[in-house]
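Chemist: Need coordinates for the following:
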Amino acid sequence: MKGLRIDRATSILTIIFITAVSAVFFLLAITYKQLEKLSENTAMVTTSLEASLKIEEIYKDLKDIEVERRNIIILQDSTSRFFIENKIRSINRTYTDLSRQFVGNTTQTQNLSQLALLIKDKIRLSNKLLARKLNYSNKEDLQNSLHDGDFIMKQIHNK
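Modeler: Okay, here's the model as predicted:
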């Protein structure tokens, strides 16, 4: 009866093969974990980019309101009223979307609430102008109104 002969070379090759396969599976597991983390980070970056774009859109709309408010004050341009009203609606929609995006983040929610107060001040200033026909024959009233608008815009820019 012939016995099963295990060659020394065959056992070494078997050990090397098992070690190589184990190393490949270990590397696959590490790569999978890294890809999961990369996906999470990509999602965070995308969310941050969308939030930044919405904040920029709000800021742009506020700047447009300020320009149109000055047009009403200085040039007595009545068509600017409709533009301001449309921009205010746009700001409200964008702010609502932005606040939904920051539901779980307390720090961003606090920053957003502070920004909301500044936006309300700006809209209040614009609505004050839209509510009545102001006569800025007094130079001091004109300067105060323009200064208030500029001051609020600087605060919003800093925020």
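Chemist: can you pull the contacts of the closest residue to V103 other than its chain neighbours?
Modeler: The shortest distance from V103 to any non-neighbouring residue, by Cβ to Cβ, 6 or more residues apart in numbering, is to T109 (7.5 Å). From N, CA and C alone the C-beta is placed, and that goes for glycine too. The contact partners of T109, by Cβ atoms under 8 Å, 6 or more residues apart in numbering, come to 99, 102-103.
Chemist: ok, of those, which one's closest to I152?
Modeler: Of all the contacts of T109, I152 sits closest to S99, with 20.1 Å by Cβ to Cβ.
Chemist: which secondary structure element contains the closest one?
Modeler: Using DSSP states H and E, S99 maps to helix 80-101.
Chemist: I'd like to check what contacts that helix. Which residues are they?
Modeler: So helix 80-101 is contacted by 47, 50-51, 54-55, 57-58, 61-62, 64-65, 68-69, 71-72, 109, 112, 116, 119, 123, 126-127, 130 (Cβ under 8 Å, 6+ apart).
Chemist: so of those residues, which ones are in helices?
Modeler: 47, 50-51, 54-55, 57-58, 61-62, 64-65, 68-69, 109, 112, 116, 119, 123, 126-127, 130 (DSSP state H).
Chemist: From these, list just the buried residues.
Modeler: 51, 54-55, 57-58, 61-62, 64-65, 68-69, 112, 119, 123, 126, 130 (16 or more other Cβ atoms under 10 Å).
Chemist: which SS state does Q34 fall under?
Modeler: When classified by DSSP: H, G, I helix; E, B strand; the rest coil, Q34 comes out as helix.
Chemist: Count residues in the vicinity of it, would you?
Modeler: Applying other Cβ atoms under 10 Å, we find 10 residues neighbouring Q34.
Chemist: With R93 instead?
Modeler: 13.
Chemist: what does the one 10 residues further on give?
Modeler: The local packing of V103 (other Cβ under 10 Å) involves 9 other residues.
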